Each structure stands twice: as structure tokens, then as C-alpha cells.
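Peer 1: Please find the sequence and the predicted model below.
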Amino acid sequence: MKRILLATLLASASAGAFAAAPGSDGCGWGNMLFKGQRGVATHVLAATTNGSSGNNTFGMTTGTNGCHTNGALTYGGKPMIILSSIMDELSEDMAKGNGEALTTYAVVLGVQPEDRAHFAEVTQAHFAQIFDKSDVTAADVYANTQAVLKQDARLAKYAEQA
């Protein structure tokens, strides 16, 4: 239960944290200070600089600091962290067609409330395709779920467009 609540919290919080380039790719003093550098440490320092001084927000509001807001935010990651933490609960919930882990997974995938009951029915019907082997990984479950979503007319809109 605690893991499911934590996964839901992480899903909610991480959606904004992983949005690509708020204000644009070169937005903020951190990006200016560390321009051209690569690596996790550099990105963390740039993000910390931008966040601690509030210059990203100022730049987006005023159109300065290399910031603009005319582009759409995107998310390029996959919900692997959340999925990995609820795999056991998810397999049980999916097999029976309801439960907190299944709802959390639907939320992470962006399934709207009006489509979640259908999502539960479809994933239950395709359980053997989604959990297709005894040593299935989170990446396997995610890929298999995407394949199932793409096959369903109502749920296809939630599948990754790759």
C-alpha cells in the first residue's frame, strides 16, 4: 500500500520535473553559465542555478534570459521507476481487473478517468500478453502494454506515438 502511494506521488511530481525545456532549451542563467558542457553534474548545477535564483520564471515572464514560452512542453521518459516499484501489485490487480496499482499505472500512462474502467478490462483480457513470461521486466510490461493500447480503438490515444 505504501509503495503504491509513493509511486502515485512520484508520478504526479515527476511529470513536471521531466518536462523538456520549460522556457526553451537555453533558458536561464544556469544554461548560460554551463553552456556547451555535458554530464549529470553540469545539468544538476544548471537546474539548481536556474531554480534557486528564480531567473527561469523571470525570463519566461519577460521573454529575457534566452527564455520563451511559445513551444509545447514534452516528456521523453518512460514510467519505469514507478512501474518497477509496483510490479507485484500490478500483476495481481491486472489479473483481477481492478485495484490501486492498476489505477496508478493508468494514471502514469495518462489514461483519463472516463477510460480507466475500459483500460482495466482490456489489460485484464490481455494479461497473458502483457505479463508474457515469469521473469518479465518493467520494460517488457511497458512495451507489451503499449502494444495492447495500440490495438484498442478507445485506448490507442494513450499509446506512445513512436
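Peer 2: Right, received. Where do you want to start? Residues are numbered from 1 along each chain as shown.

Peer 1: Can you give the domain ranges for this protein?
Peer 2: According to the domain assignment given by automatic domain parsing, the chain is divided into the following structural domains: 19-74, 80-158.

Peer 1: Average pLDDT for the longest one, rounded please.
Peer 2: The predicted model gives domain 80-158 an average pLDDT of 93.

Peer 1: before we move on, what about the shortest one?
Peer 2: Per-residue pLDDT values over domain 19-74 give a mean of 72.

Peer 1: Same list, the domains of the chain, but as TSV with mean neighbour count please.
Peer 2: Where C-beta positions appear, they are placed from N, C-alpha and C, glycine not excepted. Conversion of those to TSV gives the following (neighbours: other C-beta atoms under 10 Å):
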stretch	mean neighbour count
domain 19-74	15
domain 80-158	17
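
Peer 1: And the strands in the chain?
Peer 2: All strands of the chain, identified by DSSP state E, fall at 19-20, 74-75.

Peer 1: and the nearest residue to L33 once chain neighbours are set aside, how far is that from T62?
Peer 2: Leaving aside its sequence neighbours, L33 sits nearest to T49 (C-beta to C-beta, 6 or more residues apart in numbering; 6.3 Å). Relative to T62, T49 is positioned 18 Å away (criterion: C-beta to C-beta, to the nearest Å).

Peer 1: F131 against V141, yeah?
Peer 2: Yes - between F131 and V141 a contact is recorded at 6.6 Å, counting by C-beta atoms under 8 Å.
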